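> My questions concern the predicted model and sequence given below.
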Amino acid sequence: MICTRKYEEYFTRYASKVYSYLVSVEAKKSFVDVYEEKYLERESEATKNKALIQGRITGQILAKKGAREFGEELDNQQEEQQQSRKDINTLFESDGSDELEDDETIIQTFRNRIFNFTYQYFKGDTSLHLIRELNKSKERFNPKTLGGYLDVVSYELISKDMDYNEKNALNTDSA
């Protein structure tokens, strides 16, 4: 029993020292500091994980948007290529119906093509097809009035800005 009393005495002394330590200001401050440190570490880790997840989501969104824009651009390029092929095909297709037109129709066609080409030129949207049609109309056109001669002057002013290939490569009667 003496042993038990010694253990109880030691235990009581130990418990009182622990209690006095826990009640002291330094112990409280130490526990608070440790708690805040651990809390900040957890919050920092959680914020870091959220940022990584948000970065992945943002990256996926931007990748999808970029792929969509690339697809639209590719579609536009394909449409432009198809239009160019159509223009080239129509350059060399002729059904012969142009030769059957009367003088009044030829005059009106030439005048309309000059207007259309000038309009497209100032829009910056001329094509080889328009140039060929204009050259073709000019070859058939024979001015007889002041208006007709003014149309020819308009054609000459337009053709002044054309390069050699545009003026000559698309002539229908090159022989």
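It's in. Numbers count the residues shown, from 1 in each chain.

> Show me the shaky parts of this structure.
1-2, 22, 25, 27-28, 89-101, 165, 167-175 (pLDDT under 70).

> Helices of the protein, start to end?
Per DSSP state H, the chain carries helices over the ranges 2-23, 25-92, 103-123, 128-140, 146-160, 164.

> elements contacting the second one?
Right, the one you point to is helix 25-92. helix 128-140 (3 or more CB pairs under 8 Å, 6 or more residues apart in numbering; DSSP states H and E). From N, CA and C alone the C-beta is placed, and that goes for glycine too.

> Run through the residues that contact Met162.
Counting by CB atoms under 8 Å, 6 or more residues apart in numbering, Met162 makes contact with Ile131.

> same question but for Ile114, I mixed them up
Residues in contact with Ile114 (CB under 8 Å, 6+ apart) are Leu134, Asp151, Ser154, Tyr155, Ile158.

> that older thread, which stretch among the helices of the chain is buried most, on average?
Across the helices of the chain, the average number of neighbours (mean count of other CB atoms under 10 Å) peaks for helix 128-140, which reaches a mean of 19.

> the domain parsing of this structure - what is it?
If you go by automatic domain parsing, the domain ranges for the chain are 2-49, 96-169.

> can you redo those domains as CSV with distance to Lys65?
Shown next, in CSV, are those (distance: least, CB to CB, whole Å):
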stretch, distance to Lys65
domain 2-49, 25
domain 96-169, 29
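
> Any idea which of those gets closest to Gln77?
Among the domains of the chain, domain 96-169 comes nearest to Gln77, with 16.3 Å by CB to CB.

> Distance from the chain centre to the closest one, please.
37 Å (CA atoms, centre = their mean, to the nearest Å).
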